[in-house]
Structures are given as structure tokens and as C-alpha cells.
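Undergrad: Here is the input, now give the coordinates:
(one chain, ligands or ions: 2)
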Amino acid sequence: MNPVIALVGRPNVGKSTLFNRLTRTRDALVADLPGLTRDRKYGEGRVGGIPYLLIDTGGISGDEQGIDALMAGQSLLAIQEADAVLFLVDARAGMTAADEMIAQHLRQQGKQAWVLVNKTDGLDADTYSAEFYALGLGEPVAIAAAHGRGVTQMIQNVLLDLRPEAMAEVLAQAQAESLYTSKRKAQALAEQAQPEMDAAADPFKRELNLDEEQIRISVVGRPNVGKSTLINRILGEERVVVFDQPGTTRDAIEIPYERDERKYLLVDTAGIRRRKYVSEVAEKFSIIKTLQAVRDSHVSVMVIDARVGLVEQDLHLLDFILESGRALVIAVNKWDGMTPEARQELKQDIERRLGFVEYADIHFISALHGTNVGHLYASIDQAFRSAFSRWSTNRLTRLLEDVVQEHQPPLVKGRRIKLRYAHQGGLNPPLIVVHGNQTQVLADSYKRYLMNTFRKILKIKGTPLRFEFRSGD
Ligand code: GDP
Ligand code: GDP
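TA: Ligands and ions are numbered 1, 2, ... in the order given. Model (predicted):
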């Protein structure tokens, strides 16, 4: 699983600034649906080819009613679950009581923490960092998140610590590069966000037989929406007991099974099934484990509770699944026993608010009675196939020509933007790289037209489709 890094600190020390810097996507990369506003609390960062999950925990102000109140908060849950913590302090404000309280908590947790002294731009970094030694968390690292100073170096060191082997390779490559090119280029290489070639996208490297490949499925959603009921329904009771031996790990469990001669692997987060068979009170909802399971699967089945309707947290999760690029199928559960009016109302609400994931199939099911559960598979299989489709450069380039022919890009300052050829740059989600000139001024509306037409003609369903535009001038 990818390492999880949590950002903590008082309000206003620069957490969001650092978060944005670490998770920013390349300028040329546009998501499937540009213009979507998001609450960016969870994001993916990357150094070289190594992805990590970054969580902005929100501010800990120190005004909370004692450590107990704090403990209950998601911030501290995030700290508990993180592999490393980036603890931001403000060089200009100096050390505060809240900083000391946070440090004390981190020390108690025995967490690996990095003290980042932010806003050192225009200051003598050493002088201003020194006082933060007193936090007892090792040598403070001076950065200026707003200007990028020290940020690349810092995140490389953090990952070098968390993933020594993988990172060493990235750095060695960057270093080798620097022997014959400029230092800037080497740094760019280390920072480069590569297409998603990790875990799930790995099959890109080899010939993939989609009929034989095992489909990795995660079932996600808020507590009580019916995830365990659905999983038990899918697997059949006998199987669950077999796999649910005491002592099964705390982290994700993977359950292989077959259906209609097709191989599947259910990626289960610790909380989902265990609870049913071990006498354990309701598990805390862990958004981090959920997100890891999503990242670790090819297709996510997102379960929504029809009786409760769409709530904020559902949208939040869907938003992250969209962002993660994983294929998606939506299951609206507990459809049994709903009045026709209530059904109608929910359908309208879904139509209105789930437009941003309109690529996903929606099924109305009853996990309890098994109604429509079988239908999920057609969508899962289709989403998987779409996510791992491959097209030749020839095919994509010809399609691009047709699409451009049909509808030319607008003139910019009297010059026609040229789109010359296209090739595939990744899988799960599929990435299409379009080369041309002046693509940096290509209007969003035109990009959307391209994406929609490609999606339609290539018959892509159930997965985001990403485009990247590269310019030759
Ligand atoms: P958060 O509340 O911890 O998320 O803090 P923000 O990221 O919103 O930053 C708070 C303020 O500090 C904003 O006005 C930022 O522009 C400013 N800031 C963030 N990083 C730096 C920096 O490296 N140098 C300076 N001078 N200001 C910064
Ligand atoms: P989880 O927390 O998401 O794993 O949810 P559970 O599978 O534990 O289900 C929560 C509650 O919803 C349980 O009482 C289930 O019996 C009930 N439930 C699950 N699926 C359905 C369904 O399709 N219809 C109805 N009426 N109840 C369901």
C-alpha cells in the first residue's frame, strides 16, 4: 500500500499551501470534468514514480477542550494511521503553546514526525529554525511552502525514509541524469509525475489478457450502508467463515473468488466483515483505509443507503474515487420496501447531484434480499475493460483527425491551434496524450468536446478518462 503522510499544525501555518504544492497536478493535465470544485483534504502526491496519500488534517488550534476532545477528532485518527507526520510550524510567529501541545502528542504516539519550519523566505533559516529543536522531534527543516523552497528536498527525504529502495532508485536516476544535463532537469525528473504505473496499472507493462486477469474490487461507503451485507451476499456465507479466521490482519484482506469462470479479488478493509463475526463494537469509520482500498483496487463499488439518501460524506468519497482515477460502479442499497414516491425522489436527487461521476453505472439493489446484486457484475466487468483498454497510436491519431475535422479548434490571435497526433500514456485510468502546438491556450470547452467524443467513440464506460495536452512550441 502507498505510504500515508499527514499534515498537522496550527491554523495559518501554511498547511494548505504546502498541500497544494505537493499534490498539484501538471498544468497540462485536465481531469475528466474540469471546473469541479473540491474540498482538497485528501490528495495524492508523487515523487518520481512513487505515489503517496497526503492528508491535510485541518488545524489543531490548541483551544480544544483537553486532549480527550482532541483524541476524538479525525485529525488525531489521521495521525494514528499515518506512516509519517509533517508537523508545520511558523517561523514568523515563533514557537507557541499549541505547537508544544501537538509535539507532545506526537511524541506520545511515537510517530515519525518531521518538524517543518515554514515561511522562512527572506529570513535567515538557521536562526529561525533553531528554537524548534525544543519540540523534541529532531532537527527542524526550514521551508517556504509558498515559494517551494526546500519542499522537493524535504519530501524526497521523507520518502527516502518510508520507501528507501524505491526512492534510492529515483534519486540515482535523477543524479545520473544530472551528470550530463543541467541540475534543473534532474530535479524535474525527480518531481515528474509519471502515468499511474504502480500497483493496479502494472499490467500496462505486459500484454494483458482482459478475460483472464483477476479483477480487484473494493466495496466502499459510509458505515451502515450495507457493505458487509453486500460482501457476504457476494461471497456466500460459507466462504466468509472460512476466510474470517481469528487473527486475520488488521489491514486489508484480499479474498479471491470466482464467478461465471471469471476471477475476482475482493479488497476488504479491516473493518467491514470482521465486525460481523468477532464480537467487536462498531469500528470507527476510517476514511484513510477506505481510500487505500480504492487505490488498491481496479474497480470500486460505492454503496449508498437509499433510506438515508445522498449525504455530504458520500459526495466526498465519490469525489476522491474520481480523483484517484479508479473505475467506479455505484450501488444504491436498501431499495427494498421503499415507497414509489421515495424512490422517485431519490432518483431525481441522484441525477441532479451525481453529474460529476456520470461515467459510472448506477444500480438499485437490495443486498439483504439479493435483488439486482448480480447486475453489478456486468458493470464491474465493463468498467474494468474500459479502464484497461489499449489503443494504438495510429487509431488514436486517426480518431483525433476525424474529431478535429468535424469541429476545428478556435483561432487564437489569428492562428489556428494544431492538434497533430495522439498516443496512450497510461491505464486505469486511461490517459490520452495529445500533441500539437499552442495547446496551452486550447479552450476548456474544446477539450471537453474532445474528451466526450473520444469517450463515446472508444466506448469507455465506468472509468474516468484523462487527457494531457503537450505543445511543440
Ligand atoms: P493553513 O491554515 O495552515 O492551511 O495555512 P495556509 O496555507 O492557508 O497559509 C496561511 C497564510 O500563510 C497564507 O496567507 C499563506 O499565503 C501564508 N504562507 C504560506 N506559506 C508561506 C510561506 O512559505 N511564506 C510566507 N511568507 N507566507 C506563507
Ligand atoms: P456496513 O456498516 O456498511 O457494513 O453495513 P451492514 O452490512 O452492517 O448493514 C447495516 C444495516 O443495514 C444492517 O442492519 C443490515 O441488515 C441492513 N441492511 C443491509 N442491506 C440492506 C438492504 O438491502 N435492505 C435493508 N432493508 N436493510 C439492509
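Undergrad: Every contact and neighbour count from this point should use C-alpha atoms.
TA: Noted.
Undergrad: tell me the secondary structure for the closest residue to residue 43 other than its chain neighbours?
TA: Leaving aside its sequence neighbours, residue 43 sits nearest to residue 54 (CA to CA, 6 or more residues apart in numbering; 5.2 Å). The assignment at residue 54 comes out as strand when based on DSSP: H, G, I helix; E, B strand; the rest coil.
Undergrad: which ones are touching residue 54?
TA: 4-7, 19, 23, 42-45 (CA atoms under 8 Å, 6 or more residues apart in numbering).
Undergrad: And the helices in the stretch 301-450 of the chain?
TA: For the stretch 301-450 of the chain, the helices defined by DSSP state H, counting those that start in this stretch cover 312-324, 340-353, 376-387, 393-406, 444-457.
Undergrad: for the first one, the distance to its chain's centre please.
TA: Meaning helix 312-324. 9 Å (CA atoms, centre = their mean, to the nearest Å).
Undergrad: For it, which helices and strands make contact with it?
TA: For helix 312-324, the elements it packs on are helix 287-295, strand 299-305, judged by 3 or more CA pairs under 8 Å, 6 or more residues apart in numbering; DSSP states H and E.
Undergrad: Lowest mean pLDDT across the ones you listed, which one is that?
TA: For the helices and strands packed on helix 312-324, mean pLDDT drops lowest on helix 287-295, to a mean of 81.
Undergrad: counting contacts, what elements does that helix pack onto?
TA: Counting by 3+ CA pairs under 8 Å, 6+ apart, helix 287-295 packs on strand 215-220, helix 312-324.
Undergrad: Just put those in TSV and tack on distance to ligand 1 and mean pLDDT.
TA: Shown next, in TSV, are those (distance: least, CA to the nearest ligand atom, whole Å; pLDDT from 0 to 100):
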stretch	distance to ligand 1	mean pLDDT
strand 215-220	28	93
helix 312-324	19	88
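Undergrad: now the ones you listed as JSON lines including mean neighbour count?
TA: Below are these laid out as JSON lines (neighbours: other CA atoms under 10 Å):
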{"stretch": "strand 215-220", "mean neighbour count": "26"}
{"stretch": "helix 312-324", "mean neighbour count": "18"}
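Undergrad: which one of these lies closest to residue 262?
TA: For residue 262, the closest of the helices and strands packed on helix 287-295 is strand 215-220, at 8.5 Å, according to CA to CA.
Undergrad: so what does the helix or strand following the closest one touch, helix or strand wise?
TA: Using DSSP states H and E, the helix or strand that follows strand 215-220 in sequence is helix 227-235. Applying 3+ CA pairs under 8 Å, 6+ apart, we find helix 227-235 packed against strand 215-220, helix 270-277.
Undergrad: Which residues of this structure lie near ligand 1?
TA: Within the chain, the residues that sit near ligand 1 (CA under 6 Å from any ligand atom) are 11-17, 118-119, 121, 144-147.
Undergrad: okay if I get these as CSV plus pLDDT?
TA: CSV is the format used below for the residues of the chain next to ligand 1 (pLDDT from 0 to 100):
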residue, pLDDT
11, 81
12, 85
13, 90
14, 90
15, 87
16, 83
17, 87
118, 97
119, 95
121, 92
144, 95
145, 93
146, 90
147, 90
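Undergrad: taking those residues one by one, which sit in helices?
TA: Residues of the residues of the chain next to ligand 1 located in helices (DSSP state H): 15-17.
Undergrad: Kindly indicate the member of the residues you listed with the most neighbours.
TA: Neighbour counts for those peak at residue 15, which has 24 neighbours (criterion: other CA atoms under 10 Å).
Undergrad: so residue 432 bridges to which residues?
TA: Under the criterion DSSP bridges, residue 432 forms beta bridges with residue 424, residue 467.
Undergrad: Now do the end-to-end distance for stretch 140-159.
TA: Terminal residues of stretch 140-159 lie 17 Å apart, using CA to CA, to the nearest Å.
Undergrad: buried residues in that stretch?
TA: 140-146, 149-152, 154-156, 158-159 (16 or more other CA atoms under 10 Å).
Undergrad: hang on, the earlier thing: just so I know, which of the helices of the stretch 301-450 of the chain lies nearest ligand 2?
TA: With distances scored as CA to the nearest ligand atom, the stretch of these nearest to ligand 2 is helix 312-324 (12.3 Å).
Undergrad: Can you mark which positions in stretch 361-369 are buried?
TA: 361-368.
Undergrad: and that stretch, C-alpha only, in CSV?
TA: Extracted in CSV, the C-alpha atoms of stretch 361-369 (Å, rounded to 0.1, in the frame of the first residue of the first chain):
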residue,chain,number,x,y,z
ASP,A,361,-23.3,2.9,-13.8
ILE,A,362,-25.8,3.1,-11.0
HIS,A,363,-27.7,0.0,-9.7
PHE,A,364,-30.6,0.0,-7.3
ILE,A,365,-30.2,-3.1,-5.2
SER,A,366,-31.1,-4.9,-2.0
ALA,A,367,-28.1,-6.6,-0.5
LEU,A,368,-30.4,-8.1,2.1
HIS,A,369,-32.6,-9.9,-0.4
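Undergrad: Pull the residues that contact it.
TA: Against stretch 361-369 from outside (CA under 8 Å, 6+ apart): 226, 229-230, 233, 328-336, 371-373, 375-376, 379, 461-462.
Undergrad: 7 Å instead, please
TA: If you take CA atoms under 7 Å, 6 or more residues apart in numbering as the criterion, stretch 361-369 is touched by 226, 229-230, 233, 329-336, 371-373, 376, 379, 462.
Undergrad: Check stretch 299-319 too.
TA: 216-221, 225, 227, 294, 326-335, 346, 380, 384.
Undergrad: In contact with residue 294, which residues are there?
TA: 218, 300, 321.
Undergrad: one more time with 8 Å, if that's ok
TA: 218, 220, 300, 321, 324, 326.
Undergrad: Adding distance to ligand 2, write the ones in helices among the residues of the chain next to ligand 1 out as CSV.
TA: Converted to CSV, those look like this (distance: CA to the nearest ligand atom, whole Å):
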residue, distance to ligand 2
15, 32
16, 31
17, 35
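Undergrad: count of residues packed around the residue nearest to residue 399 when sequence neighbours are not counted?
TA: Among residues not flanking residue 399 along the chain, residue 454 sits closest, at 7.7 Å (CA to CA, 6+ apart). Neighbour count for residue 454, taken as other CA under 10 Å: 18.
Undergrad: which stretches of the stretch 351-473 of the chain have low pLDDT?
TA: For the stretch 351-473 of the chain, residues meeting the criterion pLDDT under 70 lie at 473.
Undergrad: who in it is up against ligand 2?
TA: Going by CA under 6 Å from any ligand atom, the residues of the stretch 351-473 of the chain near ligand 2 are 366-368.
Undergrad: Just name the closest of the residues you listed to ligand 1, please.
TA: residue 367 (41.0 Å).
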